[in-house]
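[1] predicted structure and sequence below. I'll ask about it afterward.
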Amino acid sequence: MNSDLLVNQIVAKLKSSTQVVIPISGRLDADGVGCALIFTLKLRELGKSVRCICDSPLVFPYTEFPGANLVEVVDIPTFDPGTAELVIVTDTGSPEKLLRDSRPAVPVSWPRQICCINIDHHQNSRFGDLNFVDESAPSTGFLVYRILESLGTTRESATLLYAGLVGDTMFFKSNQTNEKTFTFASTLLSLGADQFTARIWTESCSQESLVIISDLLKRVQFNHQYQYASLSVPLEYCISHTEEDLEIALGILKDDLVWRIREAKFNLTLRESSPGFVKGSLRGNKVPLDLRIVARDFDGGGHAHGCGFKINAPLAQASTLVSRSIATHYSEIFTPPTPNPTP
Amino acid sequence: MSDHSPEFLQTAAKIFSQISSSHSVLLHLHPSPDADSIGSCLSLLHLLESLEKKVTLIRGDSVPGTGFRSLPGFEKITPLTYPELNLAQIDLFLILDSSSTTNISTLGPVKFPPHLKTVVIDHHPTNEHFAQTNLVIPHYPATSQIIYDLLTVWGQPITANMAVNLFAGIYTDTNGFRTPNTLPSTFRVAAALAALNPDFPRVLWQLENSNEPEKIAFISLALSSLEHHFNGQFALAAISSSDLERHHIQPFHTDIVRSQVADILVSVSGWEISCCMVELEPGKTRAIFRTRDSVHFDLTKIIESTHMGGGHKSRAGIVIPMPIADAKRYLLDTLSTTYPSLQSS
């Protein structure tokens, strides 16, 4: 469907609905949380009854986002949407990804009579009734802005969109950054987006996070055969720090510091967040390598250059499984050519 | 209609006239060159060559990092310092991204022979306007953005190679579009440059992905050395030359990552000023500063009071000719006199 037509349909649906449920993506990030809160604030301003729900409590920096006080923490799989007519899901590849990261996957659905608007820039299962999905978009906010153009943009929403944009493009260096990304950034600044606040939201960390970074840098290992850096964080380390500090530290490590190692074509992070349960993430963007083929082996997904997955296994076993998957998929890419025999 | 001031247009015309009337043009990289120095010079090198000028781009005092090799034209940089040059055959010196003659060379006195026309194009607020023609625009986030505007005003085509050099300069001098002087116009220029060379993420990758394991070891060492002063508002990572030696880290391994450490420290709420201080050799200590609040803690004031470096309101660097312990004391004294509010907080 033509995207202008789709945007018009979404705008019409937003205007005609009176009771709306807006779940926040389980993998909290500035783009996902920001888009959900933008819709929450805008629809409330238009007089709608809105419930913004999340499977886990928000942590810093999302607690600082405008509208964060409106978020209800609920058990998403058993949540009763009542008489809601509309669900808006943003930045979420499939309904199951509305569950918090540390939770084993269970099916998520809502009654068929409720219309679902699905807006995303990830690999997406097109689970909505109206699916505005564009994998080439630099952020989901980039798509949400198309809708806001018809509803009105505030300085607050411009700042949220800017935070989502810089977060998802790793400050404009991902492969999805292009001319349109910069034009969008320019528009957001012209609308009054507060760059400083957006940077605090996306890059601020606690002193404890720095201690964790310093600790974990010493654990980074390098796989010479497949040219990747890996970091495994055992359960005992995870439980000795707060989730918030650890999350921020790991974000800085995988998206920035470890990413910078010249020899590493990509990096792998494994974190045993509860006994026998490991969260994994892959970051690349250096060579044309679709990391999702590894993530898919464990029912994960995301972007070609940055994706995640979960494994129900202890850390050592999960590490072996992922190493095997990498070896299977990338053996041809990373195996040096056999030299011609000397005649 | 042009957005530029009459003064900008007048100086731009004068500079282009000087380029047009010259045969041999000199460009240089400033000491410890960054992508703004290299990118702005390389983009002008490409232009000058297209105008059939004889161009000499000298490396200057420092050896540029390996990450810059991806910038188109990098191989044309001549491994000479300013004092080694024979200036007799050069008639125009375009001095880019340099706020004083010490940014041309610190290896000897910097003198301009009478026949040499000199032009400064820079964005540092600390610029000393030391050339015959000075185009200094402190509110620009990068010299490369000034060059972009000059090229536009001059009506000169911007090739893909020129575009990616300018993009790299703007990207790095805004710290990846993070500094407060990143404006809507900065992104408009970035959009135009990205359209001219969509391959810029690969070049950025090369620029940023040149770390040796020693650099990561340095970050870990620096973060482990944290100190706090002035009620926690000043965070300092200080590494001595003996620390470096003990961890098998060479001083050149600390290039660029010194700034990364300062960036990481200033990301902590409440740490208003950060500094990464490294004793590069006994008796010579480099300090890199960042601030979260350039209104209350304008870092150019440190430059003004020490005369030991250069920089901007939110990012600056100095070289203190002292061993690290003395340099630390000197720095804390300087901070307390420069920013009385640190004392009273």
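    Nice, I can see it.
[2] so B:His228 touches B:Ala235, yeah?
    Yes - in this structure, B:His228 is within contact of B:Ala235 by Cβ atoms under 8 Å, at 5.9 Å. In short, each C-beta sits where N, CA and C put it, glycine included.
[3] between these two, point out the one with more neighbours.
    More neighbours sit around B:Ala235 than around the other of B:His228 and B:Ala235, counting by other Cβ atoms under 10 Å in any protein chain shown; the figures are 26 against 13.
[4] ok, how many other residues are close to residue 182?
    By default, I'm working from chain A. 24.
[5] that's the wrong chain, I wanted chain B
    Using other Cβ under 10 Å: B:Thr182 sits among 22 other residues.
[6] tell me which element it falls in.
    When secondary structure is defined by DSSP states H and E, B:Thr182 falls outside every helix and strand.
[7] gap between it and B:Ser314?
    Note on B:Thr182: its distance to B:Ser314, by Cβ to Cβ, to the nearest Å, is 11 Å.
[8] contacting residues for A:Val21?
    Remark: with contacts taken as Cβ atoms under 8 Å, 6 or more residues apart in numbering or on different chains, A:Val21 is in contact with A:Val50, A:Arg51, A:Ile53, A:Pro81, A:Ala84, A:Leu86, A:Val87, A:Ile88, A:Trp110, A:Ile114.
[9] the same query, at a cut-off of 10 Å, please.
    The neighbours of A:Val21, taking Cβ atoms under 10 Å, 6 or more residues apart in numbering or on different chains as the test, are A:49-53, A:72, A:74, A:79-82, A:84-89, A:110, A:114, A:116.
[10] please identify the helix or strand for it.
    For A:Val21, the element it lies in under DSSP H and E is strand A:19-23.
[11] related to what we said a few turns ago, who touches both of B:His228 and B:Ala235?
    Overlap between the neighbourhoods of B:His228 and B:Ala235 consists of A:Gln207, B:Gly270, B:Trp271, taking contacts as Cβ under 10 Å, 6+ apart.
[12] need the buried ones from those selected in PyMOL.
    A single PyMOL command selects the buried members of these (16 or more other Cβ atoms under 10 Å in any protein chain shown):
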select buried, (chain A and resi 207) or (chain B and resi 271)
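[13] and the shared contacts of B:His228 and B:Ala235 as TSV, adding secondary structure?
    As requested, the shared contacts of B:His228 and B:Ala235 are exported to TSV (DSSP: H, G, I helix; E, B strand; the rest coil):
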residue	secondary structure
A:Gln207	helix
B:Gly270	coil
B:Trp271	coil
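[14] I'd like the shared contacts of B:His228 and B:Ala235 as CSV, with distance to B:His23 and pLDDT appended.
    Rendered in CSV, the data for the shared contacts of B:His228 and B:Ala235 read as follows (distance: Cβ to Cβ, whole Å; pLDDT from 0 to 100):
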residue, distance to B:His23, pLDDT
A:Gln207, 58, 83
B:Gly270, 57, 85
B:Trp271, 53, 89
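[15] quick one on the thing from earlier: can you say which of the contacts of A:Val21 are buried?
    The neighbour-count test (16+ other Cβ under 10 Å) applied to the contacts of A:Val21 identifies A:50-53, A:74, A:79, A:81, A:84-89, A:110, A:114, A:116 as buried.
[16] now, which of the residues you listed lie close to chain B?
    Restricting the buried ones among the contacts of A:Val21 to those touching chain B (Cβ under 10 Å from any Cβ of the partner chain) yields no residues.
[17] filter those residues down to the ones in strands?
    Taking DSSP state E as the definition of strands, those contribute A:Val50, A:Arg51, A:Cys52, A:Ile53, A:Leu86, A:Val87, A:Ile88, A:Val89, A:Cys116.
[18] buried stuff in the strand or helix carrying B:Gln10?
    Following DSSP H and E, one finds B:Gln10 within helix B:6-20. Taking 16+ other Cβ under 10 Å as the basis for neighbour counts, the residues of helix B:6-20 that come out buried are B:Phe8, B:Thr11, B:Ala12, B:Ile15, B:Phe16, B:Gln18, B:Ile19.
[19] now the nearest residue to the third one once chain neighbours are set aside: how far from chain A?
    Nearest non-adjacent residue to B:Ala12, counting by Cβ to Cβ, 6 or more residues apart in numbering or on different chains: B:Val153, 4.8 Å away. B:Val153 is 20 Å from chain A, where distance means Cβ to the nearest Cβ, to the nearest Å.
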